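Asker: requesting a structural model of the entry that follows:
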Amino acid sequence: MMLPIRQIYQEMAAEKLRLLLTILAVAWGTLCIATMLATGEGLRQGLTRSSQSGNGNLLYLTGGYASQTAGRFFEGKALSLQADDVELVRALPFIQRAEVSAQWDKRVSNQDNGTWQRPLAVNPEYQSLTGIEIAKGGRWINPLDNQQQRKVVVLGYNAAVQLFNSEDGWSWLEPQTLSINPVGQLIKIGDENFTVIGVIAQTSAEVEQGTPIDYAVFVPFRTWQRFNPNAAIAAINVQLNATVDREKAAQVVKQVIARKYGASASDTQLLQVEDMLLRQKSMRRFLFGLQGFLGIIGLITLGVAGIGIANVMYATVKRSTRDIGVRMAVGATPTTIKLHYLVQALLTMSLGGLAGLGSTYGLITLLRYAPLEGNMLFEQLGKPLPELSFSIVFLVIAALAIVGVIAAWFPANRAASITPLEALQSE
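Answerer: A predicted model of the protein is given here:
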């Protein structure tokens, strides 16, 4: 079965203006659906990158409020976690590691400069738990710093910029570069002088309950205890064994802490447990949903272009009624006629689709040169850039094919139903 390619070309050339507008509409629809899917993919990959370190797979334990009256607790009484609670948590068989953290309610400053983050007091093991990396020339808190309660501090990169660069040069939207090496310099926490021993390498990861590492300030835990004896800690960061049921583990931890403090073991609100891994999975589901939603919007735009193709096909069928009748009179089957117009529609979709995908690739390439480095939102989202992956290209091509077939199906059926008599009666 030979398709009359020359005739298909002549029919398309006869509708030059309509065809050009339709190809442009398909190209625009392809650009929309591909860009939206690529944007969603870039966001998903960026957030995945940002959650691979920091608090990405930890349980975050904080004190809550009793929801039942039992033992030493009445309904509504707050639980304040203490430093020795971590030993109780570490003793559980399904716990791989657990580390305390405390927040020091003091301002961090350097002369007239200051940072909005309050210092976090942590032990040396906190670094390996969260994957924090120190920039060249500095170091992390070591056991001796902790034991001797030294007044030393480790700064996130942007915290160091806020403290040591001129205030006029600071911007949330512009890339920031340290003007000096702050290692060995003195800063103040409250009224106390602390020596900077390290700056953290730039990262989009977070610790605790969403504290950006780039803006964090860390001091030795025992140094904090020296200035805050018997104070409650902020949280316990827990890493579970890989094979453990995370929900069951969280329930057991709640019961153990409740028993220690003489509260009801069935009180689920006394200890708050936030599973960062589950939060990460929820975010991924949301991003898949967002990507799907953006794809649907793009598909609707492509569908509008499909209506344009259908109109062009109907016009072509009407103009070619006599030719269709002649072809059927000399032996052409309805299937051949249908295939003729399906090929014509798919060829139109291919031209528009190639133009749209080419435009999308060009737009994404241009975005990679945009000066986004240093933008706080961009950094915290894991430096997301639209990603035109093979799976997205495949989905776009499949959408083009489906829309093309649907758009051509009814005009093609109309063409195949024309009888030779009807064709001879047409003008």
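Asker: please make it C-alpha for all contacts and neighbour counts, starting now.
Answerer: Fine.
Asker: the closest residue in space to residue 105 that isn't next to it in sequence: what's it in contact with?
Answerer: Of all residues not flanking residue 105 in the chain, residue 118 sits nearest, at 6.0 Å (C-alpha to C-alpha, 6 or more residues apart in numbering). Residue 118 sits next to 103, 104, 105, 106, 107, 108, 216, 217 when contact means C-alpha atoms under 8 Å, 6 or more residues apart in numbering.
Asker: what is the burial count for residue 29?
Answerer: 26 (other C-alpha atoms under 10 Å).
Asker: and the next helix or strand past the helix or strand containing it?
Answerer: Using DSSP states H and E, the element containing residue 29 is helix 16-50. Using DSSP H and E, the helix or strand that directly follows helix 16-50 along the chain is strand 59-63.
Asker: other SSEs contacting that next one?
Answerer: Contacts defined by 3 or more C-alpha pairs under 8 Å, 6 or more residues apart in numbering; DSSP states H and E place strand 59-63 against strand 235-240, strand 271-275, helix 276-319.
Asker: and the second one, which residues are buried?
Answerer: The reference is to strand 271-275. Buried positions in strand 271-275, judged by neighbour count with 16 or more other C-alpha atoms under 10 Å: 271, 272, 273, 274, 275.
Asker: stretch 123-140 too?
Answerer: By 16+ other C-alpha under 10 Å, the buried positions in stretch 123-140 come out as 123, 124, 125, 126, 129, 130, 132, 133, 134, 138, 139, 140.
Asker: just those residues: which are in helices?
Answerer: The helices, defined by DSSP state H, take in 126, 129, 130 from these.
Asker: if I read this right, residue 299 contacts residue 400, doesn't it?
Answerer: No. Contact criterion C-alpha atoms under 8 Å: residue 299 and residue 400 do not qualify, at 9.0 Å.
Asker: what about those two, which has more around it?
Answerer: Neighbours were counted for residue 299 and for residue 400 using other C-alpha under 10 Å; residue 400 has more, 24 against 21.
Asker: skip the chain neighbours and tell me the closest residue to that one.
Answerer: residue 349 (6.3 Å).
Asker: confidence-wise, which of the helices and strands packed on strand 59-63 is weakest overall?
Answerer: Looking over the helices and strands packed on strand 59-63, mean pLDDT reaches its minimum on helix 276-319, with a mean of 79.
Asker: residues in contact with the residue nearest to residue 387 when sequence neighbours are not counted?
Answerer: Spatial nearest neighbour of residue 387, excluding adjacent residues (C-alpha to C-alpha, 6+ apart): residue 38 at 4.7 Å. Listed by C-alpha under 8 Å, 6+ apart, the contact set of residue 38 reads 386, 387, 388, 389, 392.
Asker: same thing but 6 Å
Answerer: 386, 387, 388 (C-alpha atoms under 6 Å, 6 or more residues apart in numbering).
Asker: specify the local secondary structure of the second one.
Answerer: It refers to residue 387. The local conformation at residue 387, judged by DSSP: H, G, I helix; E, B strand; the rest coil, is coil.
Asker: surely it touches residue 43?
Answerer: No. Contact status for residue 387 versus residue 43: not in contact, 8.9 Å apart, counting by C-alpha atoms under 6 Å.
Asker: neighbour count: the two, which is higher?
Answerer: Neighbour count, other C-alpha under 10 Å: between residue 387 and residue 43, residue 43 has more, with 25 against 22.
Asker: quick one: that one and residue 384 touch, right?
Answerer: Yes. With contacts counted by C-alpha under 6 Å, residue 43 reaches residue 384, the gap being 5.1 Å.
Asker: next, residue 86: phi, psi?
Answerer: The phi/psi pair for residue 86 (degrees, to the nearest 10) reads phi -60, psi -30.
Asker: next, count neighbours for it.
Answerer: The burial count for residue 86: 19, using other C-alpha under 10 Å.
Asker: how about residue 191?
Answerer: Residue 191 has 11 neighbours, counted by other C-alpha under 10 Å.
Asker: now do the contacts for residue 61.
Answerer: The contact partners of residue 61, taken as C-alpha under 6 Å, 6+ apart, are 235, 236, 272, 273.
Asker: mind putting those in a markdown table, distance to residue 18 included?
Answerer: Output for the contacts of residue 61, formatted as a markdown table (distance: C-alpha to C-alpha, whole Å):
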| residue | distance to residue 18 |
| --- | --- |
| 235 | 66 |
| 236 | 66 |
| 272 | 63 |
| 273 | 61 |
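Asker: where's residue 276 relative to residue 333, distance?
Answerer: Separation of residue 276 from residue 333 (C-alpha to C-alpha, to the nearest Å): 63 Å.
Asker: who's more crowded, the two?
Answerer: Neighbour count, other C-alpha under 10 Å: between residue 276 and residue 333, residue 276 has more, with 20 against 14.
Asker: any idea how far the more buried one is from residue 286?
Answerer: Taking C-alpha to C-alpha, one finds residue 276 at 15 Å from residue 286.
Asker: poorly predicted segments of the stretch 51-200 of the chain, please.
Answerer: By pLDDT under 70, the weakly predicted segments of the stretch 51-200 of the chain are 51-56, 167-175.
Asker: strands along that one, start to end?
Answerer: Using DSSP state E, counting those that start in this stretch, the strands found in the stretch 51-200 of the chain span residues 59-63, 95-103, 108-110, 113-115, 120-122, 152-155, 186-189, 192-199.
Asker: buried set for the first one?
Answerer: Buried residues in strand 59-63, defined by neighbour count with 16+ other C-alpha under 10 Å: 59, 60, 61, 62, 63.
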